[in-house]
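In: here is a sequence together with a model predicted from it:
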Amino acid sequence: MPQFERIAIFTGNAHPALARGIAQQVGRPLGEMVVRQFRDGETQVEIKDDVRGTDVFLIQPTSPSVNQNLMELLVMIDAARRASAGRITAVIPYYGYARQEKKTYGREPISAKLVANLLTVAGADRILTLDLSAPAIEGFFDIPMDHLSAVPLLVRHVMKMHLPDIVVVAPDVGAVRRADRFQQVMGGKPLAILFKDRPKPDEVSVQGMVGEVQGKCALLVDDLISTGNTLIAAAELLLAQGAERVLAVATHGVFAEGAIERLHASPIERVVITDSIPLPSQTPGVEVVSVAPMLGEVINRIHYGISVSDLIRDLV
């Protein structure tokens, strides 16, 4: 018996297409909510449905435009709280500011923690997110968090390609844990690790590599693609080291301006990402795996009080 008799799913303006896919998987229509901006840029939210005592799920990746989508989510949470929702779960497939989870230099903010505080103060009772850049962000919350991984979904897609002689490659040290899990789910493929340096923001220099890629199909695995510079520099080094082909897999397609064009012109043969972030209309060479079925199943499990951890183990 679920803790809350009713369930309601709403979406902001960040990614309505994903929200519709999730609602379809849950077997419920999207609730009616108006999210609009005044002429001065202020966000206004109006919930049209009765949500008193309801298990409310608000779907809103805080992807570009990050600040606007984050503010929408905060106002959506506050609106649901003031409408006496029974429980409010913020479903954030992409968690903006996740790359600012620590201080690298003096007098820097820890913006990922600030966002966690904002979500909690706004009234979120639970967070559901996907492939954080830094898993330690889970500890920034004092409310329940379900941190899912798209790795099993991406592995399934890659396995359908029937690629020969795969070696899984971490494009930098920060991606080692993700690449290691990827190769384990694939059944124990070889692993290689690249070492990079950033002399300036958005500039990448690959310094070296550990592992063997000669004659192999190199599969670069990362959490997100922004400028694409890291993956392109990695691909060039891998081919110089004797790799036959280079493909790239990531969860979040941030795709900063010009990234799609750079990747299309690069040695990377194919790019596989999820739909955690809405994509530009033109994405040549990019294949998309939907996370809607997984997120819909998790929402059902949360509502009915069924273990989410069991689902994660089943996916792996």
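Out: Yep, that arrived. What you are looking at is a predicted structure, and each value in this text was computed from that prediction instead of being measured. Numbering: from 1, shown residues only.
In: which non-adjacent residue is nearest the most centrally placed residue in the chain?
Out: Compute the mean C-alpha point of the chain, and by C-alpha atoms, centre = their mean the closest residue is Tyr94, 3.9 Å away. Excluding the flanking residues, the one nearest Tyr94 by C-beta to C-beta, 6 or more residues apart in numbering is Pro61, at 4.0 Å. Every residue, glycine included, has its C-beta placed from N, CA and C.
In: wouldn't that neighbour be in contact with Thr274 here?
Out: No - contact criterion C-beta atoms under 8 Å: Pro61 and Thr274 do not qualify, at 10.7 Å.
In: the stretch 51-200 of the chain: strands as residue ranges?
Out: Along the stretch 51-200 of the chain, counting by DSSP state E, counting those that start in this stretch, strands occupy 55-59, 87-92, 126-130, 145-148, 166-170, 191-197.
In: now the angle from the lengthiest helix in the chain to strand 87-92?
Out: In the chain, with assignment by DSSP state H, the single longest helix is helix 66-82. Interaxial angle of helix 66-82 relative to strand 87-92 (axes from the mean of the first three to the mean of the last three C-alpha atoms, to 10 degrees): 170 degrees.
In: picking up where we left off before, the strands of the stretch 51-200 of the chain into CSV, with extra columns for mean pLDDT?
Out: Output for these, formatted as CSV (pLDDT from 0 to 100):
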stretch, mean pLDDT
strand 55-59, 98
strand 87-92, 98
strand 126-130, 98
strand 145-148, 95
strand 166-170, 97
strand 191-197, 87
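In: and Ile268, which of the ones you listed is closest to it?
Out: strand 166-170 (11.6 Å; C-beta to C-beta).
In: where does the stretch 51-200 of the chain have low pLDDT?
Out: 197-200 (pLDDT under 70).
In: so how far is Val210 from the residue nearest to the centre of the chain?
Out: For Tyr94, the distance to Val210 (C-beta to C-beta, to the nearest Å) stands at 30 Å.
In: what about the helices in this protein?
Out: Counting by DSSP H, the chain has helices at residues 16-26, 66-82, 111-122, 151-159, 176-185, 229-240, 259-265, 292-304, 308-315.
In: need those in CSV with mean neighbour count and distance to Asp223, can you?
Out: Converted to CSV, those look like this (neighbours: other C-beta atoms under 10 Å; distance: least, C-beta to C-beta, whole Å):
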stretch, mean neighbour count, distance to Asp223
helix 16-26, 19, 18
helix 66-82, 20, 16
helix 111-122, 17, 14
helix 151-159, 19, 10
helix 176-185, 19, 6
helix 229-240, 22, 11
helix 259-265, 17, 15
helix 292-304, 20, 16
helix 308-315, 13, 17
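In: could I get the ones you listed as JSON lines with distance to Tyr105?
Out: JSON lines is the format used below for the helices of the chain (distance: least, C-beta to C-beta, whole Å):
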{"stretch": "helix 16-26", "distance to Tyr105": "35"}
{"stretch": "helix 66-82", "distance to Tyr105": "21"}
{"stretch": "helix 111-122", "distance to Tyr105": "14"}
{"stretch": "helix 151-159", "distance to Tyr105": "32"}
{"stretch": "helix 176-185", "distance to Tyr105": "24"}
{"stretch": "helix 229-240", "distance to Tyr105": "21"}
{"stretch": "helix 259-265", "distance to Tyr105": "26"}
{"stretch": "helix 292-304", "distance to Tyr105": "36"}
{"stretch": "helix 308-315", "distance to Tyr105": "36"}
